[in-house]
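> compute the structure for the input listed below.
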Amino acid sequence: MGVSMEPSAFVATVKDLLQDVQESLLAAATAFRDENIVDVTSYDELKAAVAEGKWARGGWAGSDDQEKQIKEETQATLRCFPFEQPAGPHTCFMTGQPAAEVAIFAKSY
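Residues are numbered from 1 along each chain as shown. Below you'll find the predicted structure:
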């Protein structure tokens, strides 16, 4: 039973199908990420974003103790420093000091 198909045509069909699935999954994940990142400029904005289940992106030049404070008060942790940094200059949302880069904070689920 089934549909007969030449092996080379079958391989090409499966490759195309897998490519379509990969592109669809990547587009959905990218859209989800972009819809859930909130740019923050203050600690209060970070707390509000995290409370809504969003990811908070903002300038970061804080200390280890301040990072610990964020975790204790919001359960969010520093998730990453994105490779593609937004154009600066940046100001740390915790200290108000200049920040060399932005970081993303979020809860893990």
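> residue 50: which element?
The secondary structure element spanning residue 50 is helix 43-51 (assigned by DSSP states H and E).
> who touches the following helix or strand past that helix?
With elements assigned by DSSP H and E, the helix or strand that comes after helix 43-51 is strand 55-60. Contacts made with strand 55-60 from outside it, assessed by C-beta atoms under 8 Å, 6 or more residues apart in numbering, are listed as 33, 36-41, 45-46, 49-50, 76, 78-79, 81-82, 86, 90-94, 98-99, 101-106. Quick note: C-beta positions are derived from backbone N, CA and C, even for glycine.
> do stretch 66-81 as well
Residues from elsewhere that reach stretch 66-81, judged by C-beta under 8 Å, 6+ apart: 43, 46-47, 50-51, 55-56, 60, 62, 94-95, 101-108.
> what subset of those is buried?
The neighbour-count test (16 or more other C-beta atoms under 10 Å) marks 43, 46-47, 50, 55-56, 60, 62, 94, 102-106 as buried among the contacts of stretch 66-81.
> list just the nearest of the residues you listed to residue 5.
Ranking these by separation from residue 5, with C-beta to C-beta as the measure, puts residue 55 on top at 44.7 Å.
> can you name the next helix or strand after the lengthiest helix in the chain?
Longest among the helix segments of the chain by residue count, using DSSP state H, is helix 7-36. Past helix 7-36, further along toward the C-terminus, the next helix or strand under DSSP H and E is strand 37-39.
> and that following strand, what's buried?
For strand 37-39, the buried set under the neighbour-count rule, 16+ other C-beta under 10 Å, comprises 37, 38.
> so how far is residue 104 from the spatially most central residue of the chain?
Nearest to the centroid of the C-alpha atoms of the chain, with distances taken as C-alpha atoms, centre = their mean, sits residue 33, at 5.3 Å. Applying C-beta to C-beta, to the nearest Å, one obtains 10 Å for the distance of residue 33 from residue 104.
> what about residue 28, how many neighbours?
For residue 28, the number of neighbouring residues by other C-beta atoms under 10 Å comes to 10.
> residue 22 versus that one, what's the distance?
Summarising the geometry, the distance separating residue 28 from residue 22, computed by C-beta to C-beta, is 11 Å.
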